[in-house]
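# This is the structure alone, sequence omitted:
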Ligand code: NAD
C-alpha cells in the first residue's frame, strides 16, 4: 500500500528562485519526496502575471495545504508594494521564525557551530506602521515608526522557543532584548520570558538574558557560548543574518515560518538579482529549508539523508558553488548531490 502524499504549495519565487527550486526538487525527487506539489506564484512573478504580488489563488492554496516551500520574493525598496513575505506572515499568523545555523564546511573560523535563532515574526518594530510627517521635499521632514509588542505575542513565541529547547535537548536559551533603553517595547518581552521560565520551565535548560548589542559582540567573539537565542522581530532579523554569516553566509541559511495553521519554509537570502539567470546560485539554503520541512512533517529520516548528502557533496566530493570558493555551477552541484543521495546518503 502506498502512503498518501502530503499536499504542499510550491512557490519558486523571483530572481534565482526558479534555479534553486529546480535543484531542490531534484534532490527531493531523488529522496522519494513525500509531497504533492501545488505550484503557485507570488512576488514580482505575481505582479507580472496577475498584477498582485500575493495572488488570491496562492493564498487559497496555502489555506488548503497549510504547508509551503517558497523561493525568494522580490520587494522593491522604498515605494512599490508591501513585502509579500510580511503579508504571508500576517495572513497565516506565522508567529515564529526559526533559523538553525550549523557549520557545514569544517576548518573555517567558526567550526562546530550548532545554534538555533527563534525570532518573533508578527510584532515589534518591524510591522510596517511607518509614517512620514512632511511636506513634499521639506528639508525638515520627519519619519516615524511605531512598534507593538503584546503580552500574548511574547508568551506565544517564548513558549514555542522554550518547548523547542526542551524537545531538542538544548542546554541553554538566551533571551535577547534592549529593555535598558526600550523599557516598554522590549521590557515586556524580557519580563514575560522571566515569568514564563520561572513558572513552567525552571531547571529544564539554562536561562540567560542579554542586551542585543552585547549579544552581537559576543556572537562574533565566542559563538560557542550560545545554544539557542529567542528574541523580538527586528533584533531577530539582524542577529539571524549575523549567525548565518558565522556558518558560511546566506547561501547556507534556511528558515521556517511557523504558525498554528500553516508553515512556510524558505531560504533566508533574497532573489539575488545580480546573479539571476547565470546558473551559479548556491541552492543549499533552500535545500536545508526543504529538510526543515521534512522534519516538520515528521520525515526526519529523509531530512537527515538530505543533510548528510549535502555535507558529503561539499566535504567528501569537494563540489561547491562559487560563493563557497568552488567552481561548480548550480546544475553540477545538484548532479553531485543527487548522485550522493542515490548512492545511499
Ligand atoms: P540577496 O540575499 O538577494 O543578495 C545578497 C548577496 O548575496 C548578493 O550578492 C547575491 O548574489 C548573494 N546571494 C544571495 N543568495 C545567494 C545564493 N543562493 N547563492 C549565491 N549567492 C547568493 O539580498 P538583496 O540583494 O538585498 O535582495 C534582493 C531582493 O530579494 C530584494 O527585492 C529583497 O527584498 C528580496 N529578499 C527576499 C527575501 C525572501 O523572500 N525571503 C529575503 C531577503 C531579500
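Noted; the coordinates are in hand. Everything numeric in this text was worked out from a predicted model, so none of it was measured.

# Run a quick neighbour tally on the nearest residue to residue 270 once chain neighbours are set aside.
Among residues not flanking residue 270 along the chain, residue 72 sits closest, at 4.8 Å (Cβ to Cβ, 6 or more residues apart in numbering). C-beta coordinates here come from the backbone N, C-alpha and C atoms, glycine included. Neighbours of residue 72 under the rule other Cβ atoms under 10 Å: 27.

# Same check on residue 324?
Counted with other Cβ under 10 Å, residue 324 comes out at 18.

# Same question for residue 276.
18.

# Once you drop chain neighbours, what's closest to it?
residue 15 (4.0 Å).

# Please apply the same query to residue 143.
Nearest non-adjacent residue to residue 143 (Cβ to Cβ, 6+ apart): residue 132, at 5.4 Å.

# separation between the one you found and residue 81?
Distance, residue 132 to residue 81, by Cβ to Cβ, to the nearest Å: 17 Å.

# Go ahead and confirm residue 287 touches residue 25.
No. The criterion here is Cβ atoms under 8 Å, and residue 287 misses it with residue 25 at 10.0 Å.

# So between these two, which is more surrounded?
residue 287 (26 against 21).

# what pLDDT, on average, does the helix or strand harbouring that one get?
For residue 287, the host element (DSSP states H and E) is helix 284-296. Average pLDDT, helix 284-296: 97.

# Touching stretch 331-345 from outside, list them.
Stretch 331-345 is contacted from outside by 22-23, 26-27, 30-31, 279, 282-283, 287, 305-306, 308-310, 312-313, 317, 319-321, 326, 328, using Cβ atoms under 8 Å, 6 or more residues apart in numbering.

# So which of the residues you listed would count as near the ligand as well?
Contacts with the ligand within the contacts of stretch 331-345, counted by Cβ under 6 Å from any ligand atom: residue 282.

# Can you turn the buried part of the contacts of stretch 331-345 into a ChimeraX selection?
Burial among the contacts of stretch 331-345 is assessed by 16 or more other Cβ atoms under 10 Å; the matching ChimeraX selection reads:
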select :23,26,27,30,31,282,283,287,305,306,309,310,312,313,319,320,321,328
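
# if we can go back for a sec, more neighbours, residue 132 and residue 81?
Taking other Cβ under 10 Å, residue 132 and residue 81 do not tie; residue 81 has more neighbours (16 against 11).
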